[in-house]
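>>> below are the sequence and a predicted model for it; my questions follow.
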Amino acid sequence: MSRYHPVLISLHWLSALLLLLTSLIGVFRLVPLPNSPAKLIPLTLHMALGLSLLALTIVRFFVRRATLKPLRKVRNPLAPKKPFLVTMAEPVQALLYLFTLLMSLTGLGLTLQAGMLTRAGIILPDDFYAFPLRSVHGVLSSILFVLVSLHLLTWVYYQFLRGENALAWIWFKTPRPPR
Ligand code: HEM
Ligand code: HEM
């Protein structure tokens, strides 16, 4: 049974894909390369994907607000204590939105701080680390990595330890076959 609106489900998987691509380009195509013209192609791609994520995350936030009905939580004092992975699942989801947004905004801020966007095109600075937002962008990417790992651990917990088909919660409902 899916818990989420199909639009939200599509946005979840599209964001996950874009986040993966943007991060892989950042770590394996930007960090190791010197700031030579050869870096312009992966950097432009990284910026385009990062800005798409910014737009997607904003849209996703409003789609979530418009489509998700809050569950009425009933407190049962006799219920067994929930494992940490379950207790932190919801706050982690909220932080995933926040940190994805912060990544895109600091990335955009960095390009502005470094004066890269000119009428003549994109100009690379000698060293990105001369600008404070470069370190902020890097630290935030590590925090985002930890958050995604926690999110995946919760999924692994439900799917493989509790034996619930958690993936179906964030997948499209299959129509019932006609009788
Ligand atoms: C292979 C990777 C992923 C798997 C297997 C996965 C799995 C899931 C599952 C099972 C749920 C439903 C949780 C529930 O209802 O309790 C969910 C929801 C959610 N996931 Fe993921 N996820 C993945 C990647 C990501 C990434 C990269 C992000 C961060 C951008 C993310 C952010 C969220 C959020 C915010 C929700 C709540 C629904 C929403 O607002 O869209 N997920 N995910
Ligand atoms: C959610 C979106 C984004 C993610 C996940 C992301 C991820 C990353 C990562 C992982 C790195 C390497 C960090 C390190 O290891 O120290 C990086 C570097 C960088 N990113 Fe992003 N980024 C995003 C958005 C953006 C945006 C929107 C821009 C610009 C418009 C941007 C511009 C840059 C720049 C200029 C660098 C530095 C490259 C270097 O040091 O050579 N990023 N990003």
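Thanks, I have the structure now. Ligands and ions are numbered 1, 2, ... in the order given.
>>> hey, let's count contacts and neighbours off CA atoms from now on
OK.
>>> could you say what helices and strands the lengthiest helix in the chain packs with?
What stands out as the longest helix in the chain, according to DSSP state H, is helix 40-67. Packing partners of helix 40-67 (3 or more Cα pairs under 8 Å, 6 or more residues apart in numbering; DSSP states H and E): helix 6-25, helix 89-113.
>>> got CSV for the ones you listed, with distance to Leu147 and mean pLDDT too?
Formatted as CSV, those follow (distance: least, Cα to Cα, whole Å; pLDDT from 0 to 100):
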stretch, distance to Leu147, mean pLDDT
helix 6-25, 13, 98
helix 89-113, 6, 98
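>>> make a markdown table out of the ones you listed and add distance to Val148 and mean neighbour count.
Conversion of the helices and strands packed on helix 40-67 to a markdown table gives the following (distance: least, Cα to Cα, whole Å; neighbours: other Cα atoms under 10 Å):
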| stretch | distance to Val148 | mean neighbour count |
| --- | --- | --- |
| helix 6-25 | 10 | 16 |
| helix 89-113 | 7 | 17 |
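>>> those: which one's closest to ligand 2?
helix 89-113 (3.5 Å; Cα to the nearest ligand atom).
>>> what residues does that closest one touch?
47, 50-51, 53-54, 57, 61, 117, 131, 133-134, 136-137, 140-141, 143-144, 147-148, 150-151, 154 (Cα atoms under 8 Å, 6 or more residues apart in numbering).
>>> work out for me the element the closest residue to Tyr157 other than its chain neighbours sits within.
Using Cα to Cα, 6 or more residues apart in numbering and skipping the chain neighbours, the partner closest in space to Tyr157 is Leu85 (7.8 Å). If you go by DSSP states H and E, Leu85 is part of helix 84-87.
>>> in that helix, what's buried?
Leu85 (16 or more other Cα atoms under 10 Å).
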